[in-house]
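Visitor: Following is a predicted model, sequence given first.
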Amino acid sequence: MNYDKNNIFAKILRNETPCKKVYENDYVLSFYDVNPQKKIHILVIPKGEYIDLDDFNSKASEKEIIEFNKAITHIVKMLKISNQEDGYRVISNIGKNGGQEVFHFHYHIFGGEKIRKMVF
Ligand code: AMP
């Protein structure tokens with residue numbers, strides 16, 4: 001699969017589609033999910049063109065990978081859902097069996113309420 005430059009997150013990155021921004025730096029953009037599944041449901045995406053976690057880990061620079069991961073911790077602290085507060089969950093859907101719908105790599109961050117243990 002090739003990266004589709006017309007996926008919705010690519011359009012958000014190009015400011016062609018609006019988003020409710022949470023955080024942005026040179027490497028990442030974070031915004032609220034349009035269809036929240038928990039009280040807090042945000043997405044974190046790299047600015048580079050990567051299809052999924054495997055593509056990101058294979059092709060991104062170490063700087064991009066480090067900055068992406070650091071951004072997660074920065075954002076959860078900003079939102080006061082880090083483990084110093086009540087905690088959160090981070091997931092990434094990958095491919096067909098993972099239920100991925102948007103093929104620009106992203107993490108979902110869920111918080112603000114208790115999340116059940118099972119994946120479904
Ligand atoms: P995934 O199944 O991991 O690919 O999830 C894609 C997520 O993107 C879903 O939770 C959607 O609700 C969310 N989403 C799709 N379009 C938008 C948008 N324009 N702004 C914010 N979130 C979106």
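Guide: Structure received.

Visitor: Neighbours of residue 21, how many?
Guide: Neighbour count for residue 21, taken as other CB atoms under 10 Å: 12. For the C-beta atoms, the positions are set from N, CA and C on the backbone; glycine is no exception.

Visitor: May I have the beta-bridge partners of it?
Guide: Taking DSSP bridges, one obtains residue 31 as the residues bridged to residue 21.

Visitor: wouldn't it be in contact with residue 29 here?
Guide: Yes - if you go by CB atoms under 8 Å, residue 21 and residue 29 touch, sitting 7.1 Å apart.

Visitor: Was I right to think residue 24 contacts residue 45?
Guide: No - the pair residue 24 and residue 45 does not pass the contact test of CB under 8 Å, sitting 10.2 Å apart.

Visitor: Of these two, which one has the most company?
Guide: More crowded of residue 24 and residue 45, by other CB under 10 Å: residue 45, with 23 against 14.

Visitor: Who are the contact partners of the more buried one?
Guide: The neighbourhood of residue 45, defined by CB atoms under 8 Å, 6 or more residues apart in numbering, consists of 9, 12-13, 28-30, 104-106.

Visitor: Apply 6 Å and report the result again.
Guide: Residues near residue 45 by CB atoms under 6 Å, 6 or more residues apart in numbering: 9, 29, 104, 106.

Visitor: swap in residue 94?
Guide: Counting by CB under 6 Å, 6+ apart, residue 94 makes contact with 52-53, 100.
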